[in-house]
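Asks: With the sequence up front, the predicted model follows.
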Amino acid sequence: MRVLFIIAALFITSTSHAQFSGIQPRGIMGSAGFGFVNFDINEPLTSNLEIDDGVYTAVGGEKGFGVANLYLTISLNYLKADGDTDYNYTSGSNTYTSTSKVNFDLNLFQAGLGLKLKLIDDGWFKPYVEAGGLFGYFQIQYKGLALGSNISGPDSNFKKDDSLFDFGYYGEAGLEIAFSETFGIKAAMRMTKNKTKEFETLADQKVDYESQVYYLGLLKKF
């Protein structure tokens with residue numbers, strides 16, 4: 001979030017009132033990307049939550065302000081990974097179900113809104129930095145969870161999936177390569193920090209996590 005404030009400050013201090021009055025928005029540059037992601041879990045610690053490396057796909061777009069090499073960006077991202085955790089769930093009937101090392105599929109949907117600053121906006125090579133906010137939907141789908149000897153206090157109504165909204169922010173750095181005025185590619189690294197509300201299947205604990213995304217994208221101007 002500090003990076004976003006810094007970019008906003010640069011935007012304000014590097015432009016005058018006269019420049020703002022003459023802003024001419026440019027066309028929209030669309031993008032589609034694919035890469036991989038790894039996760040670092042800060043919370044919960046007591047549930048031994050682990051998420052393996054996963055895949056990352058994204059589509060998005062950007063529109064220039066016409067001053068200070070600044071762009072408004074929007075992105076829709078999908079992250080998929082596997083993991084395992086200790087399962088602890090208390091149902092509405094106050095029946096407690098627990099087992100250790102349950103495998104799960106993670107599906108994470110995110111929408112991002114940010115500001116991009118292109119350090120160089122002319123020529124073929126355009127390095128940039130970007131920062132913004134994230135709104136996501138964090139879904140855990142447990143695999144092979146069934147009543148058995150490894151479950152204590154079994155409840156026929158235990159949850160096989162759990163999902164909540166999460167919120168966070170990101171910072172990104174990358175390089176765009178323009179082959180023409182309307183087509184290019186980019187390579188980027190994105191770091192995020194997110195937190196969810198309390199998951200019922202994780203003993204009512206929040207998931208506080210960070211991720212590092214490395215991806216390649218195609219650029220097309222419309």
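Replies: Ah, there it is. Nothing here was measured: the structure is a model prediction, and the numbers come from that model.
Asks: Check which helices and strands the longest strand seen in the chain sits against.
Replies: Assignment by DSSP state E gives strand 96-118 as the longest strand of the chain. The contact analysis (3 or more CB pairs under 8 Å, 6 or more residues apart in numbering; DSSP states H and E) places strand 96-118 against helix 2-13, strand 54-64, strand 70-90, strand 125-142, strand 161-178. Any C-beta I mention is one placed from the backbone N, CA and C, and that applies to glycine too.
Asks: immediately after the helix or strand bottoming out on mean pLDDT in the chain, which helix or strand?
Replies: The helix or strand of the chain with the lowest confidence, counting by mean pLDDT, DSSP states H and E, is helix 17-21 at a mean of 38. Toward the C-terminus, helix 17-21 is succeeded by strand 28-43 as the next helix or strand (DSSP states H and E).
Asks: how about that following strand: buried residues?
Replies: Buried positions in strand 28-43, judged by neighbour count with 16 or more other CB atoms under 10 Å: 29, 31, 33, 35, 37, 39, 41.
Asks: any weak-confidence spans in this structure?
Replies: Residue ranges of the chain with pLDDT under 70: 1-26, 92-95, 145-157.
Asks: Which strand residues bridge residue 81?
Replies: Applying DSSP bridges to residue 81 gives these bridge partners: residue 106.
Asks: close enough to count as contact, it and residue 49?
Replies: No - the criterion here is CB atoms under 8 Å, and residue 81 misses it with residue 49 at 12.0 Å.
Asks: Now do the most centrally placed residue in the chain against residue 97, distance only.
Replies: Nearest residue to the geometric centre of the chain (CA atoms, centre = their mean): residue 110, 5.3 Å. Separation of residue 110 from residue 97 (CB to CB, to the nearest Å): 30 Å.
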